[in-house]
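Q: Just need the structure, nothing else, for what follows:
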Amino acid sequence: MSERTAVVLAGGRSTRFGDEDKAVADLAGAPMIRRVVDRVAPAVDAVVINCRAAQRAAIAEALDGAAVPVSFAEDDYPDEGPMAGMATGLRAVESEYAFVVACDMPFVDPGFVDYLFERAAGHDAAVPRPEQWFETTHAVYRAAAMADACEAALAEGEERIVAPLFDLDFVVVDADEVRDHGVPHTFENCNTRADFEDAARRLEERS
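A: Below is the predicted model:
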């Protein structure tokens, strides 16, 4: 059994990004989802991709040769939002704990992911709150417990992605811990073309 898994959420429609699927859009020479998987690979033993069936072939091609085993958890009911995607992805996890991350976070910090797994041990979740918001799509969960909580929230018609947390024994990773164990840009995402172009420029400068 894999000890640590990452669930990458890629099933969103990217409405602010345009017609292209941003998960596989070229970001400074590599598909964005490949950058996310390559970043988290040092901290996990396996990766589960949550996506729509129509995305699977392109994502599989983008992740060919990745450093960790990759499997897929396709949405049975697409377009129900990130909570449904999270539940689907977590149900496919074999390890007790999983790091959930959005496919548009190309600067995710593997050292901080390690720290989140450590903080989650013995609890149902470790969720960063660097400012006033919980970073629910950059957090470690006990997979079965969070999947149950997401499914219960969905059954009640709840749409807020933070809602399932309050059924869990979770620890808050506050701003001080983020500063001590991670970097602020670990939470940055590429929601728009402008975000994407800015990220591409910074990655090209690094290389």
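
Q: Tell me which helix or strand the residue nearest to residue 71 when sequence neighbours are not counted sits in.
A: Leaving aside its chain neighbours, residue 71 sits nearest to residue 48 (5.4 Å; criterion: Cβ to Cβ, 6 or more residues apart in numbering). For the C-beta atoms, the positions are set from N, CA and C on the backbone; glycine is no exception. Using DSSP states H and E, residue 48 falls within strand 46-51.

Q: How far does that strand sit from its chain's centre?
A: Centroid separation for strand 46-51 versus its chain: 9 Å, with Cα atoms, centre = their mean, to the nearest Å.

Q: Dump it to PDB, restricted to CA.
A: Output of strand 46-51 as PDB, limited to C-alpha atoms (Å, rounded to 0.1, in the frame of the first residue of the first chain):
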ATOM      1  CA  ALA A  46       1.500   7.800  -5.900                       C
ATOM      2  CA  VAL A  47      -0.700  10.300  -7.700                       C
ATOM      3  CA  VAL A  48      -4.400  10.000  -8.500                       C
ATOM      4  CA  ILE A  49      -5.800  12.400 -11.100                       C
ATOM      5  CA  ASN A  50      -9.400  13.400 -10.800                       C
ATOM      6  CA  CYS A  51     -10.700  14.500 -14.200                       C
END
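
Q: what helices or strands is it leaning on?
A: Applying 3 or more Cβ pairs under 8 Å, 6 or more residues apart in numbering; DSSP states H and E, one finds that strand 46-51 contacts strand 4-9, helix 32-40, helix 56-62, strand 70-74, helix 82-91.

Q: Kind regards, and thank you for your time.
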